[in-house]
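**Q** what shape does this take:
(chains A and B)
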Amino acid sequence: EDKVVQSPLSLVVHEGDTVTLNCSYEVTNFRSLLWYKQEKKAPTFLFMLTSSGIEKKSGRLSSILDKKELFSILNITATQTGDSAIYLCAPDSNYQLIWGAGTKLIIKP
Amino acid sequence: EAQVTQNPRYLITVTGKKLTVTCSQNMNHEYMSWYRQDPGLGLRQIYYSMNVEVTDKGDVPEGYKVSRKEKRNFPLILESPSPNQTSLYFCASSLYPTVYNEQFFGPGTRLTVL
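**A** Okay, the predicted model is just below:
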C-alpha cells in the first residue's frame, strides 16, 4: 500500500529561524514528488522533483529528493510570518498523487 | 485569468438532500480531479478524469458521483449526503494526465451536512 509520512506534524519557530520539513514515501512506480503550500485556502505549487540529488530553489525555499532512501526535504531559511502554512508533499504513484497529511508550520514574530 | 472555479464556496445542508458542487477550469486542461481534505488525513482523491467522458474512482469514491461531459467542467454530485461527508472539497486540474504537470486547485468548497 502506498504511504507518505510527513514530519514533524507541526512546528513552531521564531522569525528568522531555518526549518527543515521531511517527507518519506513508499509508492509504486514513482516518477516525481511535488511540494505544495497551503494557507487558509487552496494549495499552491512550490516544487516538482524528479531526480535525486538535484536541489530546486526558489528564494528562501529549497528542496531535494533522495530516490534511494525514499525521502524529500523542504528547507526554509530566514523564515517570515508569511511562511506560516501547512506544507504538503505528494509523490506520484501510477500517475496519481498520494498526499501526505502535511506539516503545520507556525512562525512567531 | 487562468483559474479553477468552484461553486458554492460554502454550503450547509441536511442529510439526504441531493447537491452538486460545480468545478470549471479555463486552461483547456485534460486532467481534472476532486479531493476532500479532513484534519489529520490530508488530501484524499475522490474521483478523477483523464479527459472528456473518462472518469475513474480515486481513494474515497463512495457516496459521490461525477461526470465529464465537457472538457472545462467536472461537477461533483452527492446523491444523498451524510454527515461523514462534511469536509473541505477541492477541485484541481492539470494540463495532461501525468504528474509531470503541476495541479492547479480551485478555492475550495466547505460542506457541512447536518
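**Q** from now on I want contacts and neighbour counts done on CA atoms only, so please keep to that.
**A** Will do.
**Q** same for the lowest-mean-pLDDT helix or strand in chain A, what does it pack against?
**A** The least trusted helix or strand in chain A, going by mean pLDDT, DSSP states H and E, turns out to be strand A:96-97, with a mean of 83. Using 3 or more CA pairs under 8 Å, 6 or more residues apart in numbering or on different chains; DSSP states H and E as the contact test, no helix or strand touches strand A:96-97.
**Q** now do the strands in chain B.
**A** For chain B, the strands defined by DSSP state E cover B:4-7, B:10-13, B:19-25, B:31-38, B:42-51, B:54-57, B:65-66, B:76-78, B:87-94, B:104-105, B:109-113.
**Q** anything in the fourth one near chain A?
**A** It stands for strand B:31-38. No - applying CA under 8 Å from any CA of the partner chain, one finds strand B:31-38 separated from chain A by no less than 9.2 Å.
**Q** can you check the fifth one too?
**A** Yes - counting by CA under 8 Å from any CA, contacts between strand B:42-51 and chain A involve B:42, B:43, B:44.
**Q** for those residues, which one is nearest residue B:101?
**A** Distance to residue B:101 across the residues of strand B:42-51 next to chain A (CA to CA) is lowest for residue B:43, with 17.8 Å.
**Q** beta partners of the closest residue to the closest one other than its chain neighbours?
**A** Nearest residue to residue B:43, sequence neighbours excluded (CA to CA, 6 or more residues apart in numbering or on different chains): residue B:37, at 4.6 Å. Bridge pairing for residue B:37 (DSSP bridges) gives the partners residue B:43, residue B:88.
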